[in-house]
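*Asks:* Okay, predicted coordinates and the sequence, questions at the end:
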Amino acid sequence: MIDADVIVGLEVHCQLDTKSKLFCGCSTDYRDDGPNTHVCPICLGLPGTMPALNKRAIEYAMKVAKALNCTIVPESEFSRKNYFYPDLDKAYQITQYDKPLAQGGYVEIEGDDGKERKIQLTRIHVEEDPGRLVHMGNAERGRYSLVDYNRAGIPLIEIVSEPDMRSPKEARKFLNKLRATLEYLGVFDSEKEGSLRVDANISLRGNERVEVKNITSYKGVEKALTFEVTRQKNLIRRGLPVERETRHYLEARGITQSARSKETENDYRYFPEPDLRPLRVQSWVKDIALPELPDARRERFVTQYSCSLNHARTLTGELKMANFFEGVVSGDRAGLCSLAATWIADTLAGELNYRNMGIDCVDPHRFGSLLAILRAGTITDKSGVEVLRVMLDEQLKGETVETPEAIVARLNLAKTAGDDGALAAAVKEVISENPKAIEDYKAGKNGAINFLVGQVMKKTRGRADPGELNRLVVAALKDGGQ
Amino acid sequence: MAEHTIRFEPDDRYNAFLTVCPHPDHGKGDLSGIAVAVKDNISTLGIETTCASKILKGYVPPYDAHAVTLLKNAGAAVAGKTNMDEFGMGTSTENSAFGPTLNPRDTGRVPGGSSGGSAAAVAAGMVRMALGTDTGGSIRCPAAFCGIVGLKPTYGRVSRYGLIAYANSLETIGPMAANVSDVSLLMSVIAGHDRRDTTSYDRPYQHTPSAEIKRLRIGIPEEYFGAGVDPEVASVVKRAIGRLEELGAVTVPCSIPSMEYALAAYYVICTSEASSNLARFDGVRYGPAADTKKSWHAAYQDVRKQGFGPEVRRRIMLGTFALSSGYYGKYYAKAQVARENVRKDFARLLTDVDVLCGPTMPTIAFKLGEKSDPLSMYLSDILTVPVNLAGIPAISVPCGKVQGMPVGLQVMGRPFEDERVVDVAYAYEQAVKA
Ligand SMILES: [Zn+2]
C-alpha cells in the first residue's frame, strides 16, 4: 500500500540484553524460571532501596545511538514517571524525560517506491521495565491478578521516530532494520519473549492522530496499522471525525480497540530522580566501537560474493542468516557463493519459515555438502529440496540428522543420467502412453513437450536432469514417437 | 561476627521506642557492646520498621541499611527502633501513629522531631548513642529540645541506602549522643562511600575532636537572631558565641538574603519528593492490605486513606500538586532556583568565614499539643532547613537553658568539613564543662 496521506511514527521499546538489571545485580535471565525468582530489595522497590546504575546498559544504549547516527548528549538525566499500577513496584518508573541520552539520528530503509529513505529519529532514552501482571480470568472481571517482578528493572531503550513512515509496510521495514542493527550490535535478542514492544502513532493527513499501544510482534505492527488505516479511512468516508485517542491492539483478533479515555488522562508528574547523579558520558563516547552493521555487510556481500542486491538484502537482514551464509561458503566452498545465496535466501528461508524453525537449527557444513552435491550434478534441484526437507524434518523431530549423501542414497535420489538407459526407457514409455500428445506435437503445439517432460519427471520422481530430459523428449518426438 | 549478647530492658516511660530488642547481639570493634538505638525509618534486617506509620505496620525488612551494617561491623548492639514523626514529617514527634514521645526534660513538652525518639532515648540515658535522620532539621531540632548533641553530616557523606526515603535530595542519616565525642565516634563508624548509594562520596570520617579554635572565623547571620526567634533563646546563644570568642575565635556579622525563600523552597521540594516516595505504599507488597473487592485504584485509595496520618496526607497532596503539569514551573522549578540561591549564599559566606553560628531552634521545646496549626509548626523549621537545602554539615550542641529547658547552639560548616563543626561544638562543650 503506497499512500501519500498515511503518516506513521513509532515508539519502540527494546530490552537490552545485559547480564544484570538496570539498577541492581539481579540476573536478566528469568524466562525459564518461576515468578519472582530474580528479584532483590532494589528491583522490588522495597522501602529504603536505591538504584545503582548498570554501566553496561548505558554502553549498550550508546552503541545503539551511535549505530543509528544519533547525537549522544554529554550530560543526560534520569527522571521519575509517577503512576499507580500493581506491576510498578515503586509507583514510579525511572526513565529519561527532558534530557535523554541521545537525540536525532535516522534509520535507512527501502521505501515503498523502491528508493532508499531515511526515517528520522527524535530521541533514544534509557529506562527500566516494570513487572508483569497475570490476570486470573480477565483484567476487569477476574477474581484476582498475580504480579511477577522478574522483569522489573530490565534495561530498556525507547527509540522514538519522527512521523516519517508512509505506510504500514514501511513501518515493518523500519522495525526489521532496527532489529537487525540491534542484533548486529550484540545488545538485543529478538527471540526473547517481550524483548520488543511498539507504540504506533498513525494519522491520515489533516486528521487527528491515534496512538496504538503495546504491540508486541513485528507482524502485529503492520497488521495493526493496516487495520487503523482502513478504520480511519472508513470514518472519513462516512463523514465522521477521527478522534484523538489511545487504542490497544488485540493480537489474537488483529484489531485495535479504544482504551478507556481515563487512561489517557495521566499526569505523570515527571521530576529529576534525586537518587541518581546526572549521567555524564563524554569520556566514554570515544571508546564505543561499532561492529560491521547490516548496510555495510550487505554492500560487502554484493562485492565479495557477487550476490544480487535482493539476495544480499535478505541474507544480511538477520544476523544469524548472514553468519550462516558466510559459514556455508567459508574455506574451500567459496565457489558455492551464488548457489548458496539463492538456496539460503529463497529455498531454505521458506522451508524454515514453514516449520517455524530458526536458522541456527541448520548445520552450515551439512548444508554446504548438499550444495556441493547439487553443484556436482549428482541430484536435481527438485531432489535437493527433498533432501533439505528430510534434513529439517529429522531435526524438528529430534532424530539423528543424516548427511545429504546418505539421504540421497537411502531415497535413491541420484540423478537418472541420460546414458544409463533408464531415462531413455522412461521417455519411451511415456511417449507410448500418450499418443494424444504426439499428435498435438505434430500439429505444432509445443506445449506438448512440457507435458511429456512433466510426465517423465513424475515417473523418475524428479531425479531426471531437466535439460537432459528435454533434449531426449524432443529427440524422441522428432523420431516420430517410435 | 556476633559473639555476645547484651540485655536491653529500658524503662521507656517516654515512649521513645517503637520496638525494643531485649537481647541484641554484638561483635567486636569501636562500638563493641554499646547499645545503639536506630530511628524507625532506617531499615533493620529482621526487625519491624514502620516509619511510625500504620501503613508499614508489620513490615520487617529483609535487609540492613548500610549504616546499620556498619554499626554491626563496629560491634554495636542494635537495641531498638525509635519513635518519630510519621515518615519524618514533623517537628515534635507528635505525628507518630503510635503515640507521641515525651521530652525527658519535661514530660509535658515535645522532644522535637522528627528524630524525637532517638533524642529522648539518649537524653534519658537509655542508650549511649542513636542514629537519627535529618531532612529539614530532624536531628538538630530534637537534640536542641532534649539537650543532647546531634550532627547532620554533609549530604552524601553517610550512605542513605536503607533509609526509607522521605525527601531524598535533602535527607541524611546522622549521629546523636549526649556529648560531642560520642557523636564523633558514631560518625566515624557510619561515614564513607557505598556503591549502592550513588549519591554518596568516598569521604570517610576519621577524626578525634580538637578544642583548638584560635583565630577561627565565625559568621553570625543576622537572620538567625531576627523576627520569630525568642529573645531569651537568642541571648543564651549569643552568650555561647561569646564563650567561643573567649577561646580565640573571631566573629563576623553577616547575612543570608535567601533565607526569605528558604522555607517555602524547602516545603515544595520535600513534599514533591515525598509524594513520589510514598506512592509505593499501596498495600500490594507490604503493610496491611485493604480488605476490598474494589478495583486497583479504588483499593489504593482505601489503603492510603486508612494507613497515612493527616500530616502525611497533607504533604502528599501538596507535593502532588506542586509536581502537576502546569504547576511544576510555578513551584518545583522555582524552588530549585531558590535552593540554588541558598547554596550560593552559604558558599559565598563560607569563603569569608570558617563556620556560621546561631540558634538551632527559634524557641525552646513547646508543650504537647501547643502547635495545632501546621503553618506555625512549619515556621519553627526556619533555622534548620537552609542547611539541608545547601547540603552542608551542621551540629547542635546544648548551650544553656531558658525556663529550665535546653537551648541548642547550631554550628554550620563548609561541605565535607564535618570535622570542623564537630571541633567547634567540642571546644564549646569542653569550655563550659571546665
Ligand atoms: Zn534486583
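*Replies:* Done, it's in.

*Asks:* Residue ranges in the chain under the pLDDT threshold?
*Replies:* Picked chain A for this. For chain A, residues meeting the criterion pLDDT under 70 lie at A:1-4, A:138-141, A:260-265, A:416-420, A:480-482.

*Asks:* Chain B was what I was after
*Replies:* Using pLDDT under 70, chain B drops low at B:1-3.

*Asks:* right, and B:N341 touches B:I256 too?
*Replies:* No: applying C-beta atoms under 8 Å as the test, B:N341 and B:I256 come out as separate, 9.6 Å apart. The way it works is simple: take the backbone N, C-alpha and C, and place the C-beta from them, glycine included.

*Asks:* could you pull out the helices for the stretch 151-300 of chain B?
*Replies:* B:180-190, B:231-246, B:259-277, B:296-307 (DSSP state H, counting those that start in this stretch).

*Asks:* Those helices: which one's closest to the ion?
*Replies:* With C-beta to the ion as the criterion, the ion lies closest to helix B:259-277 of the helices of the stretch 151-300 of chain B, at 18.8 Å.

*Asks:* Nearest residue to B:P61 in space, ignoring adjacent ones along the chain?
*Replies:* Spatial nearest neighbour of B:P61, excluding adjacent residues (C-beta to C-beta, 6 or more residues apart in numbering or on different chains): B:S43 at 4.0 Å.

*Asks:* I meant B:P362, not that one.
*Replies:* In this structure, B:P362 finds its nearest non-sequential neighbour in B:V229, 4.3 Å apart by C-beta to C-beta, 6+ apart.

*Asks:* repeat for B:N83
*Replies:* Leaving out its chain neighbours, the residue that sits closest to B:N83 by C-beta to C-beta, 6+ apart is B:G117, at 3.2 Å.

*Asks:* ok, the one residue in the stretch 251-400 of chain B that gets nearest to chain A - contacts?
*Replies:* Closest to chain A within the stretch 251-400 of chain B is B:A279: 3.4 Å, counting by C-beta to the nearest C-beta. When contacts are counted by C-beta atoms under 8 Å, 6 or more residues apart in numbering or on different chains, B:A279 touches A:82, A:84, A:90-92.

*Asks:* Which of those fall in strands?
*Replies:* Using DSSP state E, the members of the contacts of B:A279 that fall in strands are A:82, A:92.

*Asks:* Which positions in the stretch 1-150 of chain A make contact with chain B?
*Replies:* Proximity of the stretch 1-150 of chain A to chain B, by C-beta under 8 Å from any C-beta of the partner chain, involves residues A:41-42, A:44-53, A:80, A:82, A:84-86, A:89-92, A:147.

*Asks:* which stretches of chain B form strands?
*Replies:* Under DSSP E, chain B gives strands at B:4-5, B:17-20, B:25-26, B:35-39, B:77-82, B:129-134, B:149-152, B:172-177, B:217-221, B:250-254, B:355-359, B:394-402, B:405-413.

*Asks:* residues in contact with the third one?
*Replies:* It stands for strand B:25-26. For strand B:25-26, using C-beta under 8 Å, 6+ apart, the contacting residues are B:2-6, B:32-34, B:72, B:75-77.

*Asks:* what's the answer for the first one, then?
*Replies:* The set of residues external to strand B:4-5 that reach it, using C-beta under 8 Å, 6+ apart, is B:23-27, B:33, B:77.

*Asks:* For those residues, which two are the farthest from each other?
*Replies:* Greatest spatial distance among the contacts of strand B:4-5 (C-beta to C-beta): B:H23 and B:G27, at 14.6 Å.

*Asks:* Which one's more surrounded, those two?
*Replies:* B:G27 (17 against 11; other C-beta atoms under 10 Å in any protein chain shown).

*Asks:* Please tell me how far that one sits from B:D64.
*Replies:* Distance, B:G27 to B:D64, by C-beta to C-beta, to the nearest Å: 14 Å.

*Asks:* Between these two, which contacts overlap?
*Replies:* Here B:G27 and B:D64 share the contacting residues B:K72, scored by C-beta under 8 Å, 6+ apart.

*Asks:* List just the one of the helices of the stretch 151-300 of chain B that sits closest to A:S167.
*Replies:* Nearest of the helices of the stretch 151-300 of chain B (C-beta to C-beta): helix B:296-307, 38.3 Å.

*Asks:* give the contact list for B:P24.
*Replies:* Applying C-beta under 8 Å, 6+ apart, the residues contacting B:P24 are B:5-6, B:8, B:35, B:77-79.

*Asks:* again, only using 7 Å
*Replies:* Applying C-beta atoms under 7 Å, 6 or more residues apart in numbering or on different chains to B:P24 gives the contacts B:5-6, B:8, B:77-79.

*Asks:* try B:Q301
*Replies:* The contact partners of B:Q301, by C-beta under 7 Å, 6+ apart, come to none.

*Asks:* Kindly report the domain assignment for chain A.
*Replies:* Following the TED database, one gets these domains for chain A: A:6-287, A:294-411, A:421-480.

*Asks:* Out of the ones you listed, which gets nearest to the ion?
*Replies:* That would be, of those and by C-beta to the ion, domain A:6-287, which comes in at 3.2 Å.

*Asks:* do the closest one and the ion meet?
*Replies:* Yes: Domain A:6-287 comes into contact with the ion (C-beta under 5 Å from the ion), by way of A:24, A:26, A:40, A:42-43.

*Asks:* From those residues, keep the buried residues only.
*Replies:* Buried by 16 or more other C-beta atoms under 10 Å in any protein chain shown: A:24, A:26, A:40, A:42-43, out of these.

*Asks:* and these, which two are the farthest apart?
*Replies:* The widest separation within these (C-beta to C-beta) is 7.8 Å, between A:C26 and A:I42.

*Asks:* where do the strands sit along the stretch 151-300 of chain A?
*Replies:* Per DSSP state E, counting those that start in this stretch, the stretch 151-300 of chain A carries strands over the ranges A:155-161, A:196-204, A:210-215, A:245-250, A:255-258, A:271-272, A:279-280.

*Asks:* Nearest to A:E228, out of those strands?
*Replies:* Nearest of those to A:E228, taken as C-beta to C-beta: strand A:196-204 at 5.0 Å.

*Asks:* Packing partners of the closest one?
*Replies:* Where contact means 3 or more C-beta pairs under 7 Å, 6 or more residues apart in numbering or on different chains; DSSP states H and E, strand A:196-204 is packed against strand A:6-15, strand A:210-215, helix A:218-237.
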